[in-house]
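*Asks:* Sequence isn't available, so here's the structure alone:
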């Protein structure tokens, strides 16, 4: 099946899971109490009773429908990862109740998930239920004897996402930054939650008492400040900014600063690539358009977008940013091979390119809030200035 938005990478044969007698039992085992049994049954073209029968053969813990309700929103990356070699795209989309665009966004913007999955999608065949043979049932019972007694014992008090509810450490006060990721926050796009349920007042008070004065989470700049040439990329940006302003104001009352993690400029998905052709830089092997920061409009966007964001959210404490990583951002984000595919950047020092990106971000922030902090991460900088 051809897809318009999903990455067009390699499609090798999927891994085989020979410790299971068939793919159906592997699927049920891996997704037990994470996907509703009714969803499994519909996906495999069978009944819930038959899914439960296979689970019983393997000695899986009691089915707890209540445990499945959070996985689609808080654990969807785990679901994608553990089914990547088991299911084709169409069944992953059905399992998660996602559109093609939503999954494409997740693979690209959830901390470059597609890269972490190998920059490929195994050619898994559609998975359908088949009645187990006597030999298959015997192997399922062996699995029960080998593993599942311990699994049932360990799962008795398991409550997914019921994380530690308070921070107990109380170090001496300091003017230095003590910044961590919020212990209860999901990744992805938390600013789309109007209740800001990942950032309760109780949690903020706990962190303040523990001496934590900074919390960070991911953001995508075009999701907060639109490009003039493609505002349609930035759906719901006003909602995100409104919730960010609410959160930063509330956190500031507890003495906790909110820092956004940026990995910019984000490459452009093919859906909008035609509007950015004049800004294209190095060749991107993952099928998106890499923006060349040696072209002034790209740096102008970074600076002006930061100025706009920090003007709209005056209590936003700052950012930390990664400029070289697995994620396609500037033309020098990775290797010389990548940089050399840009006719402009191939003749420039990587250190100069990175410095320009950081300068643009810092200048924009400084225009609106000179007290806000910019924290660059030096990952992969060991190769500078020539790499």
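*Replies:* Looks like it came in fine. Computed from a prediction, not measured in an experiment: that's the story for all the values here. Numbering: from 1, shown residues only.
*Asks:* all contacts plus neighbour counts: C-alpha atoms, from now on.
*Replies:* OK.
*Asks:* which intervals of the stretch 51-200 of the chain have sub-threshold pLDDT?
*Replies:* 148-149, 152-157, 161-172 (pLDDT under 70).
*Asks:* quick one: the helices in it?
*Replies:* Ranges of helices within the stretch 51-200 of the chain are 71-74, 76-83, 89-96, 100-109, 113-116, 134-143, 149-155, based on DSSP state H, counting those that start in this stretch.
*Asks:* And the helix of greatest length in the chain, what's buried?
*Replies:* Counting by DSSP state H, the longest helix found in the chain is helix 350-368. For helix 350-368, the neighbour count (16 or more other CA atoms under 10 Å) marks 350, 353-354, 357-366, 368 as buried.
*Asks:* So which elements touch it?
*Replies:* Judged by 3 or more CA pairs under 8 Å, 6 or more residues apart in numbering; DSSP states H and E, helix 350-368 is in contact with helix 296-312.
*Asks:* Give me the helices and strands touching the helix it packs on, please.
*Replies:* Using 3+ CA pairs under 8 Å, 6+ apart: helix 296-312 touches helix 237-253, helix 350-368.
*Asks:* that older thread, nearest to residue 12, of the helices of the stretch 51-200 of the chain?
*Replies:* helix 89-96 (13.8 Å; CA to CA).
*Asks:* Figure out how far the closest one is from the centre of its chain.
*Replies:* On the basis of CA atoms, centre = their mean, to the nearest Å, helix 89-96 sits 17 Å off its chain's mean C-alpha point.
*Asks:* Pop the domain breakdown of the protein in here.
*Replies:* The chain breaks down by automatic domain parsing into domains covering 23-155, 179-383.
*Asks:* From residue 244, how far out is the residue nearest to residue 245 when sequence neighbours are not counted?
*Replies:* Residue nearest to residue 245 in three dimensions, not counting chain neighbours: residue 313, with 4.9 Å by CA to CA, 6 or more residues apart in numbering. From residue 313 across to residue 244, the span is 7 Å (CA to CA, to the nearest Å).
*Asks:* residues contacting the residue positioned nearest the centre of the chain?
*Replies:* Closest to where the C-alpha atoms of the chain average out (CA atoms, centre = their mean) is residue 110, at 2.1 Å. Contact analysis of residue 110 by CA atoms under 8 Å, 6 or more residues apart in numbering lists 187, 188.
*Asks:* circling back to that earlier point, could you dump the helices of the stretch 51-200 of the chain into a markdown table and include distance to residue 21 and mean neighbour count?
*Replies:* Converted to a markdown table, these look like this (distance: least, CA to CA, whole Å; neighbours: other CA atoms under 10 Å):
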| stretch | distance to residue 21 | mean neighbour count |
| --- | --- | --- |
| helix 71-74 | 26 | 16 |
| helix 76-83 | 17 | 17 |
| helix 89-96 | 21 | 18 |
| helix 100-109 | 30 | 18 |
| helix 113-116 | 28 | 17 |
| helix 134-143 | 6 | 16 |
| helix 149-155 | 19 | 13 |
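*Asks:* show me where the stretch 151-300 of the chain has strands.
*Replies:* Ranges of strands in the stretch 151-300 of the chain, per DSSP state E, counting those that start in this stretch, are 179-180, 214-218, 257-262.
*Asks:* I'd like those strands as a markdown table, with distance to residue 235 and mean neighbour count appended.
*Replies:* Shown next, in a markdown table, are the strands of the stretch 151-300 of the chain (distance: least, CA to CA, whole Å; neighbours: other CA under 10 Å):
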| stretch | distance to residue 235 | mean neighbour count |
| --- | --- | --- |
| strand 179-180 | 29 | 16 |
| strand 214-218 | 17 | 21 |
| strand 257-262 | 18 | 22 |
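*Asks:* and of those strands, who's closest to residue 79?
*Replies:* Judged by CA to CA, the one of the strands of the stretch 151-300 of the chain that comes nearest to residue 79 is strand 214-218, at 20.2 Å.
*Asks:* Could you please name the strands that closest one pairs with and the direction of each pair?
*Replies:* strand 179-180 (parallel), strand 257-262 (parallel) (DSSP bridges).
*Asks:* Return the angle between stretch directions for the last one and helix 237-253.
*Replies:* Meaning strand 257-262. Angle of strand 257-262 versus helix 237-253, following axes from the mean of the first three to the mean of the last three CA atoms, to 10 degrees, is 140 degrees.
*Asks:* mean confidence for strand 257-262?
*Replies:* On average, the pLDDT along strand 257-262 is 97.
*Asks:* what's it in contact with?
*Replies:* So strand 257-262 is contacted by 213-221, 247-248, 251, 315-322 (CA under 8 Å, 6+ apart).
*Asks:* that older thread, and residue 2, which of the domains of the chain is closest to it?
*Replies:* domain 23-155 (10.0 Å).
*Asks:* how far out from the middle of the chain is that closest one?
*Replies:* 20 Å.
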